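1. attaching a predicted model along with its sequence, questions to come.
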There are 2 protein chains.
Amino acid sequence: MITKKAEYAVIILAELASHPKGAIVTSKEIAEKRLISVNLVVQLLSLLKEAGWTSGTRGPSGGIRLVADPAAITLKDVIEKVDGPIGITRCLFSDKPCGDRTHCSLRGIWSKAQQSMLDVLEEATIQELAQAAISDC
Amino acid sequence: MITKKAEYAVIILAELASHPKGAIVTSKEIAEKRLISVNLVVQLLSLLKEAGWTSGTRGPSGGIRLVADPAAITLKDVIEKVDGPIGITRCLFSDKPCGDRTHCSLRGIWSKAQQSMLDVLEEATIQELAQAAISDC
DNA sequence: CTATTTATAACTAATTTGGTTATATTATAG
DNA sequence: CTATAATATAACCAAATTAGTTATAAATAG
């Protein structure tokens, strides 16, 4: 399942993208507006920075800035950054079909179902979410 | 995530469906052929029976019979029976949009992504799996 | 200097998962 | 009629995951 942390990360990015380009917003502001624990916001921003999407400046009047193009960040990107590789099923995590069997029709179906889901998540961008006024979910 | 138990349940049904219609197979046979713990097979058969898909007869020479049409059992049915309601995201479990907000674009996207996945799982039946010789996954 | 803010890591309680154990029930073979 | 093979059902348990907290360090404005 897509974790709450991944959802939060999406919301945080959308919140940042909803401000004028290059604007600085503090973790606290994001947390309060989106009703997420400040601790969590801070924890997640660490990952978003690592991904190259945000940058932070410390000290008073510091805060977070979105440095990537929100139209280029997909929901899939964010989920994978926070939750790690996506897999609707245990067997989709390994590259090769499970066991020693040569083929496995089940794997094919899981794979198809998952890809179908990922297609949607690859199309949805932070930009779009920021435009439609999103609420926390 | 779709649990291993749900995967096993699918495999068990496919195994049953791969035998001549009405044939009786023991839990032990299924377990050995599919490399699943007998205990688990037994535990899962309990659910499959509850769903009306199988019936068992006890005693020596007893075993399990598939009583439903395998073409009418979809993967989604099996997953929901074993794992409960499917939700790729926390917020998809409740009926109404989260919090008090009136609309939530995120929910819309999660919902779309999930439905896209479910479409595949609703189309795939035990029958199809039984025909393609499946292995355990 | 001191308050404010990001940055990072370690920790924790609650839940979920995958699987086992235990016990009861039924039916057949001999 | 008894031993045995099989299903049926429930309770249990260890390991992993999740959601969130706590602690501490570093930078910077004023």
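-> Cool, got the structure. Everything quoted here is computed from the prediction, not taken from an experiment.

2. C-alpha only now, for contacts and for neighbours.
-> Fine.

3. pLDDT value on the most centrally placed residue in chain A, please?
-> Nearest to the geometric centre of chain A sits residue A:78, at 2.2 Å (Cα atoms, centre = their mean). Confidence at residue A:78, expressed as pLDDT, is 98.

4. what's the spacing between the strand or helix carrying it and its chain's center?
-> Counting by DSSP states H and E, the element that carries residue A:78 is helix A:75-83. In this view, helix A:75-83 has its centroid 4 Å away from the chain centroid, taken as Cα atoms, centre = their mean, to the nearest Å.

5. same question, stretch A:104-113
-> 25 Å.

6. cool, and stretch A:51-71?
-> Stretch A:51-71 sits 15 Å away from the centroid of its parent chain (Cα atoms, centre = their mean).

7. report the buried residues of that stretch.
-> A:53-56, A:63-68, A:70 (16 or more other Cα atoms under 10 Å in any protein chain shown).

8. anything in that stretch near DNA strand D?
-> Yes: applying Cα under 7 Å from any atom of the strand, one finds stretch A:51-71 in contact with DNA strand D at A:57-62.

9. let's have these in CSV, adding pLDDT and distance to DNA strand C.
-> Formatted as CSV, these follow (pLDDT from 0 to 100; distance: Cα to the nearest atom of the strand, whole Å):
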residue, pLDDT, distance to DNA strand C
A:57, 96, 5
A:58, 97, 4
A:59, 96, 3
A:60, 95, 4
A:61, 94, 5
A:62, 96, 5
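
10. inside strands: which ones of the residues you listed?
-> Counted as lying in strands by DSSP state E, out of the residues of stretch A:51-71 next to DNA strand D, are residue A:57.

11. any idea which of the residues of stretch A:51-71 next to DNA strand D is closest to DNA strand D?
-> residue A:59 (3.6 Å; Cα to the nearest atom of the strand).

12. check whether the longest helix along chain A contacts DNA strand C.
-> In chain A, with assignment by DSSP state H, the single longest helix is helix A:105-123. No: figure legend: helix A:105-123 not in contact with DNA strand C (Cα under 7 Å from any atom of the strand); closest approach 14.4 Å.

13. against which helices or strands is the very next helix or strand once past that helix packed?
-> For helix A:105-123, the following helix or strand on the C-terminal side (DSSP H and E) is helix A:126-131. Packing partners of helix A:126-131 (3 or more Cα pairs under 8 Å, 6 or more residues apart in numbering or on different chains; DSSP states H and E): helix A:4-17.

14. make a markdown table from the residues of stretch A:51-71 next to DNA strand D and add distance to residue A:27 to it.
-> Shown next, in a markdown table, are the residues of stretch A:51-71 next to DNA strand D (distance: Cα to Cα, whole Å):
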| residue | distance to residue A:27 |
| --- | --- |
| A:57 | 11 |
| A:58 | 11 |
| A:59 | 12 |
| A:60 | 12 |
| A:61 | 12 |
| A:62 | 10 |
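
15. next up, the contacts around the nearest residue to residue A:22 once chain neighbours are set aside.
-> Spatial nearest neighbour of residue A:22, chain neighbours left out: residue A:65 (5.9 Å); criterion: Cα to Cα, 6 or more residues apart in numbering or on different chains. Shown in contact with residue A:65 (Cα atoms under 8 Å, 6 or more residues apart in numbering or on different chains): A:16, A:22-25, A:54-56.

16. so residue A:65 belongs to a strand, correct?
-> Yes: counting by DSSP: H, G, I helix; E, B strand; the rest coil, residue A:65 falls inside a strand.

17. just list whatever residues bridge to it.
-> Beta-bridge pairing of residue A:65 under DSSP bridges involves residue A:55.

18. how near is it to residue A:21?
-> 9 Å (Cα to Cα, to the nearest Å).
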